[in-house]
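Peer 1: sequence? don't have it. structure:
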């Protein structure tokens, strides 16, 4: 017979759960409001969501570092906190983008915001646990929400994108479960820290290498999909193209940073256990990713698609940092994303600003390069802002991404992987071409005759401008806050034991 | 005395600025024509005063200010007026003064009258720096300064168009100017190398320091320095093979030729060798010195041979200059530095006079240069005829004229040194010199007036010009008389070259031989061109078609060779390089970029848009990872 | 022995059934065999003492999921044979075989560690459902709740996506762009036709086919 | 004025930002005023510069990313002082030369010029590797815009090529800098990008070699050294006049300056061992590009290629490893800046009038434009290194200095004075001499006041510094001597110590005496 | 008693069958079937390992996998429906608008 279970509430440490609960509750509230009264304006939901995220952020900031909760399922370590902060800040930039001057399909659904909040909860769970089940469920919750959010844009390409993403995601889920099964088989546990112990104990057993590496390979395949590493990246450009611009920008940061954190937890554990294969494999994937994505970005005709490829390439950088697996490299992952996030979101926001229902310049593309031709004449500030984002993405100092880039490169140099730093450098140089191409179009080409101001300004509104302002400010002024940011991140990463 | 040094140096500079800055854009200004010669005259007077001072008290040495100072190098603007430099100063300023006055007449109708004087005075200034500097770098300033001034002056009539080589061997003034500049630059490189060698082994470029340090230097090094510096001298003094620019430089206005290509600039090379006499007289570099003498002799003969058949009045004079420079180098190379310097001075006077006379002829003949179109001019231009005659006699080295003393001394030296080949060559050349000088005189001033049918209306130069030329004529006659006095003066500074007793005894014989050759030359010229039974003035086809005539006429095909083996290959190589630069160097870069771009184009095809393909990629990727894992497990 | 026989019966039948699912051209066959295979899998669960899991498998998969598929199939009118172009069928098979081979290689290693103690041991004498419930509502309470959210998300997603509202785009028509498009094609020969072609692209493609 | 360097750097930036507000018509006047102030500031810097002090002066220090050792660290010494002054002067004169009636969007141009000025000054004043790198990279952006927006027909290609080429090289350099910081971290336990700290770091010859190569990639492309030079003709060919002027006068100097500031003192052994390599490339640059220049039909291309050729001479000077050569190369940087800047301006003047730069279109210009011809002639003579012009001093010192390293190399490099004269004189002859071949040119106007204002100061400098270079050479000499002493001290191999000629003993003695 | 590796290898085989399905299916619905097979295959592995360890975590994971599979079906079918409405087909050859 089972004995009755007595658990004190304190031991559950509910606080660790609070941020996610806030998000879920927020989602439910929105659903309820919709039930009570239909056809409320989206601005209400936007502001509600913003508030909920704000509270969520407050809860995250209130968390204590290195706590476990709920039967040790929850793990609130430093990187969990930083990632949550990143997720929430990005979300706070993302949500106001709903307040365009024109109406878009997805924002007519209150469920959009509810799903968004559920997604947030899923992501937050994913990063603040080292239990493979919770990671899996969090991953799926967020993914399923995300597929829907993409599809809600309600265009051909959106559905196509959602389906592609979904199907490949299902395959990745298969890989993830298989990988987990193998790890479970080795260790009899689904908690990463216990797996680590068990693997450590058994590492010399016959046949163990095959199992460990095999399991790692499956997990790597799953996370490579999420992080869009070559050759698992194929969904990314299409999904970015099909999704609305803000969502594409959001996707290029948030799901990836969560996936990166989880990979950090899993793969660095293995690397530190001495499984060199993992490091090698990740490095190979990372190098392939940044290079191939870069050269494919070169030939794109659409800015959004170009940015998609560029995001893939940046993911390659991140993955390389994870392979390096030092405190500095891990810190650089967060620094990189923290900086990249603003710039990239800003760039996508600029695309959002110039979004039309029907494409003027190209039958298929929303944002072909020609669209931006002569933007300096039509919309000078816009052009300058966009140019700043492009320069930042290309890694021109002192704009934000540069600092992340040199920190990663430096951590590569530190462990003697100068070749990796050189590859990164070469890729930055290649990438400069396509970023520059946009600048060339904006500054050096004549605008199409009928490209009038109203066409370009079509979608702009105060909230969008605010978001742009914030991102520009952060992109340009990065020099002044990188120091404290880096200090905080390093501290947090160190505390988490990475 | 310092102020005199500065006056001598800067008076021409002031003149140049005066003409250049204030009158550059105005039409001909009499003021310029007066002030500039006056300033040069002032410089001359200062030089005279300095010469007296030097003779009495020894050298004057002033340092104006630092120029370049870096690391261990310290180059001041320092000026040294000693016996050698003051000789040069006197020659330069005197000839310049005359030329300046002369130019008033000669350039009378030129619309760039003022500009001409600016250049001319600037040239004098550069020349003064060259001779007065107390260090090699300062000398180099003047060296390059005269180079650029000669570039300006040769190309003075820059608006003339290029003509084919067959029509005009010197193509155009601007072409000739560039040629002169570039050729000089080739030699300058040698000179620079010499300077570098000296600096890195001595640590200074000051003459006195260098001379003091010379005995401590290794033999090979000394030879190197001597060769390098002589290469520099070869360029300025137009020694073979860097001689072609001198004849082409006759494209410039005639006063320029008189000043630069007779009296001053071309002698800079000789001056350098004389200046560096402590080096060249060293035992270790005797080989180089001998080479200098040999080359000088060769050039003397070589140039004279070309002058024999030249038809261009100025070319004849130019070639004779070249020839005489050869004499000077021969003397310097043989160690008779003071004789070289003496010949330099004497030559300056009579050659300037000759040029100016030729200028008069040209002026009268509307810039016609072909002596076949002249003749009988003595009737209309008696003054010029006399001057030209005097100068030619001096050049030919007839007794009691300046050329006799100096040239004779050189030939004597060659005999004295036992270098009989040089001696013979020089003697023969002396005969040739006499021939071509008088050929030219007879051609232009004697015989029938061939210009009449061609419609020329010759008239003599302005009186004041002719008067101004008088000092040169006087010196051309009388300069040789001061030889002994000069020797006493100059040998305070330069090694006193003494003939051996043996030579001394037969000196009269040697002199007589030279005179004999000269007289024979003149006689042949007279017989051919002026005498009763003189041949027809018409051109002789048979002679002109002969191989030797062709060879001489084409300057031994040296310009052709340069064009064919240096200029054209250079142009072709440059074009090829450019092509390569575009195709290979730039092409490589573009190819890399294109390869990357094409790789992008190729790899984007993996993005088919078909989900099934994507899944295949993903599956293949996963499988690859897992297979790699399995393999790695097996291996590991 | 009984277990041995059962295992192999189940194993062979699942492989065959799933093989049919994967290879069959007919959706109906594929779906039926899939359902059958899932039933067989629940057999494994019973064999492995995971009774509750087996039951859930039957209910959720065979009951709910397959029913959903069946409904969907009716919606898609997919009873007919579906033609699929296979560019490189052998390659696929080879890849699959390779995958299977690697699995055999990996799993032939002794995966079960001897010194590992079960964290949530199967308690003797307690029913599987009870034990599962115990673990599920203590240790895995958070995932469980999150799974609830996930199901909610799935539900909302299903409802929205299949809903009528998706049939028409609610995105604002932008007049400025239409004006430009109109203006651009005005001068050309079949101007209006082209303008419409581009402007109504979304609708056309949505309604077409 | 503790913060004069910061003011120097950020005044143009601020002015540039404010410049957006200025009315279009007044943009040029605004630009001139700002550039004048900036130039005066630079002059003030010179006035208050302590000539006797060979070290860094007016240093400023503020940590930026203390975790990572990146700090805002400025300083000026004799090596950088004059390049900064030249940069401000060239910018000023360049702006003066702008023709308001010919340039569309003057405001944008002025603003980008001011940004460019900030980056230029910043590069030469930074003492922190990352800040240096920042300005280095930033300078590409306004230049890209200048070339791309106001350039010739293939301007976009040229601009992108310029940007990418330099960017690619500098990323390799960045890796080197990061490695350098790491090595310092290994040695000292702290992160720093402070150049002066790095100077203290003793590296093994092997490491020096690799680091040298990585920095070489960045600097060599900028210089541009053969065979990395091909972006330059494109950039110059397409750039507007002011773009070429600044590119040639200042931006190229960043490369050679980088060698002096970074490569030499950080890697003395590697620098010495790389001399043959550098020498080979430089000699090819000197001779080969001069010949290519001769083959050009476009005036501007001649000058562009001549820049490459002259930069080769500068490179030789940098690697002469003695005060004469190194100091000479720094002076030559100045002189080349002045002269090539002026030459590009001159080409721009004629291009504005006739719309062509082809030599075949000209001929006999000296007759119609005598002042223009005179100014051009002066610059030509400076370019071919005539004594008493600015060009000679540097060239002479460089060749003199390099003679110590390799006599043969010097003789080959010395060919520059010949072939330099060949292409320049050919250019001059084709353009200015001979009869007027093109009737269109018969009525060209000579230089007007605007152009004279821009050009005459350069003429004055060319002559002034040719005759009296001492005020400039003095501080350069001091700093260069100090650099060499440090290098010799730091060098590990005896070979390198022998190669580097510093005047240490004398210097120390004189210092002692001074105290 | 049957060794755990029997179960695991079976699971691997089934996973491979699903994998083949994913690779070769061009019809979306059939594709989904294949992914279901993969998830089911993994479930066997979890159950087997859990059984051999005497541990319930494996069952837990399998349990959650079933939940996930169910949710995926819901979302996936929703997507299929809306896609079918727009494209009128579930053939992947048709749904390939975005490429390059």
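Peer 2: Sure thing, it's come through. Keep in mind that this is a model prediction, so the values were computed, not measured.
Peer 1: which secondary element of chain D has the worst mean pLDDT?
Peer 2: The least trusted helix or strand in chain D, going by mean pLDDT, DSSP states H and E, turns out to be helix D:504-514, with a mean of 48.
Peer 1: Report the secondary structure element holding the closest residue in space to residue A:207 that isn't next to it in sequence.
Peer 2: Nearest residue to residue A:207, sequence neighbours excluded (CB to CB, 6 or more residues apart in numbering or on different chains): residue C:109, at 2.7 Å. (Glycine included, C-beta is placed from N, CA and C.) Using DSSP states H and E, residue C:109 falls within no helix or strand.
Peer 1: Can you give me every residue that contacts residue C:109?
Peer 2: If you count contacts by CB atoms under 8 Å, 6 or more residues apart in numbering or on different chains, residue C:109 has them with A:206, A:207, A:208, A:210, A:211.
Peer 1: where's the last one, which helix or strand?
Peer 2: Taking DSSP H and E as the definition, one finds residue A:211 inside helix A:208-227.
Peer 1: close to chain C, is that helix?
Peer 2: Yes - when contact is scored as CB under 8 Å from any CB of the partner chain, part of helix A:208-227 falls within range of chain C: A:208, A:210, A:211, A:214.
Peer 1: Buried only: go through these for me.
Peer 2: Buried residues within the residues of helix A:208-227 next to chain C, counting neighbours by 16 or more other CB atoms under 10 Å in any protein chain shown: A:208, A:210, A:211, A:214.
Peer 1: where does the stretch 201-350 of chain D come near chain B, residue by residue?
Peer 2: D:226-227, D:229-231, D:233-234, D:288-289, D:291-292, D:294-296, D:322-324, D:327-328, D:331.
Peer 1: Restricted to helices, list these.
Peer 2: Secondary structure from DSSP state H places D:231, D:233, D:234, D:291, D:292, D:294, D:295, D:323, D:324, D:327, D:328, D:331 of those in helices.
Peer 1: Derive a PyMOL selection command for the buried subset of these.
Peer 2: Command for PyMOL that selects the buried part of those, burial taken from 16+ other CB under 10 Å:
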select buried, chain D and resi 231+233+234+291+292+294+295+323+324+327+328+331
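Peer 1: In a markdown table, list the ones in helices among the residues of the stretch 201-350 of chain D next to chain B along with distance to chain A and pLDDT.
Peer 2: Formatted as a markdown table, those follow (distance: CB to the nearest CB, whole Å; pLDDT from 0 to 100):
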| residue | distance to chain A | pLDDT |
| --- | --- | --- |
| D:231 | 13 | 91 |
| D:233 | 20 | 90 |
| D:234 | 15 | 91 |
| D:291 | 31 | 92 |
| D:292 | 26 | 92 |
| D:294 | 33 | 92 |
| D:295 | 30 | 92 |
| D:323 | 34 | 89 |
| D:324 | 36 | 89 |
| D:327 | 31 | 92 |
| D:328 | 33 | 92 |
| D:331 | 31 | 94 |
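Peer 1: Of the ones in helices among the residues of the stretch 201-350 of chain D next to chain B, just say which sits nearest to chain B.
Peer 2: Closest approach between these and chain B, by CB to the nearest CB: residue D:323, at 2.9 Å.
Peer 1: Now that closest one: closest residue in space, sequence neighbours ignored.
Peer 2: residue B:71 (2.9 Å).
Peer 1: With residue A:50 instead?
Peer 2: residue A:95 (5.4 Å).
Peer 1: Okay, the one you found and residue B:39: tell me how far apart.
Peer 2: As judged by CB to CB, to the nearest Å, residue A:95 and residue B:39 stand 87 Å apart.
Peer 1: hang on, the earlier thing: now the helix holding residue A:211: average pLDDT?
Peer 2: For helix A:208-227, the mean per-residue pLDDT is 92.
Peer 1: swap in stretch C:84-92?
Peer 2: Stretch C:84-92 comes out at a mean pLDDT of 77.
Peer 1: Can you get me the start-to-end distance on it?
Peer 2: Using CA to CA, to the nearest Å, the end-to-end distance of stretch C:84-92 comes out at 14 Å.
Peer 1: Mind checking if it is in reach of chain A?
Peer 2: No - Stretch C:84-92 stays clear of chain A (CB under 8 Å from any CB), getting no nearer than 14.1 Å.
Peer 1: which parts of chain A sit against chain B?
Peer 2: A:163-164, A:167-168, A:171-172, A:175, A:209-210, A:213-214, A:216-218, A:220-221, A:224-225, A:230-232, A:234-235, A:237-238, A:277, A:281, A:292, A:294-300, A:430.
Peer 1: could you redo the last one with a cut-off of 7 Å?
Peer 2: With the criterion set to CB under 7 Å from any CB of the partner chain, chain A comes near chain B through A:163-164, A:167-168, A:171, A:175, A:209-210, A:213-214, A:216-218, A:220-221, A:225, A:231-232, A:234-235, A:237-238, A:277, A:281, A:292, A:295-296, A:298-299, A:430.
Peer 1: Select the longest strand from chain D.
Peer 2: Longest strand of chain D, by residue count under DSSP state E: strand D:57-65.
Peer 1: quick one: contacts of that strand?
Peer 2: A:479, A:482-483, A:486, D:3-6, D:49-50, D:70-77 (CB atoms under 7 Å, 6 or more residues apart in numbering or on different chains).
Peer 1: ok, and for it, which residues are buried?
Peer 2: In terms of neighbour count (16+ other CB under 10 Å), strand D:57-65 has its buried residues at D:57, D:58, D:59, D:60, D:64, D:65.
Peer 1: pLDDT value on the second one, please?
Peer 2: Yep, that's residue D:58 we're talking about. Reported pLDDT for residue D:58: 91.
Peer 1: Now for the closest residue in space to it that isn't next to it in sequence, how many residues are close by?
Peer 2: Sequence neighbours aside, residue D:5 is the residue nearest to residue D:58 in space, at 5.2 Å (criterion: CB to CB, 6+ apart). Residue D:5 has 26 neighbouring residues, counting by other CB atoms under 10 Å in any protein chain shown.
Peer 1: mind listing the helices for chain E?
Peer 2: For chain E, the helices defined by DSSP H occupy E:4-24, E:28-53, E:57-87.
Peer 1: Select, out of those helices, the one closest to chain B.
Peer 2: helix E:4-24 (5.0 Å).
Peer 1: Need the mean per-residue confidence for that closest one.
Peer 2: For helix E:4-24, mean pLDDT rounds to 91.
Peer 1: Tell me the secondary structure of the residue of the stretch 101-250 of chain B found nearest chain C, please.
Peer 2: Distances between the stretch 101-250 of chain B and chain C by CB to the nearest CB are smallest at residue B:161, namely 55.0 Å. Here residue B:161 is coil, with the state taken from DSSP: H, G, I helix; E, B strand; the rest coil.
Peer 1: quick one: contacts for it?
Peer 2: Contacts for residue B:161 (CB under 7 Å, 6+ apart) come out as B:172, D:434, D:435.
Peer 1: And residue B:383, by the same measure?
Peer 2: Taking CB under 7 Å, 6+ apart as the test, what residue B:383 contacts is B:460, B:466.
Peer 1: Check which helix or strand it maps to.
Peer 2: Per DSSP H and E: residue B:383 is located in helix B:382-396.
Peer 1: Where does pLDDT dip in chain C?
Peer 2: Chain C contains residues with pLDDT under 70 at C:78-83, C:174-209.
Peer 1: quick one on the thing from earlier: quick check, the residue nearest to residue D:58 in contact with residue D:125.
Peer 2: Yes - under the criterion of CB atoms under 7 Å, residue D:5 makes contact with residue D:125 at 5.1 Å.
Peer 1: so what sits against both of these two?
Peer 2: Contact criterion CB under 7 Å, 6+ apart; residues shared by residue D:5 and residue D:125: D:74, D:76.
Peer 1: what's the spacing between the residue sitting nearest the centre point of chain D and chain C?
Peer 2: The structure's chain D has its C-alpha centroid closest to residue D:253; by CA atoms, centre = their mean the separation is 2.3 Å. Distance, residue D:253 to chain C, by CB to the nearest CB, to the nearest Å: 48 Å.
Peer 1: if I look at residue D:138, how far off is residue D:120?
Peer 2: For residue D:138, the distance to residue D:120 - CB to CB - is 10 Å.
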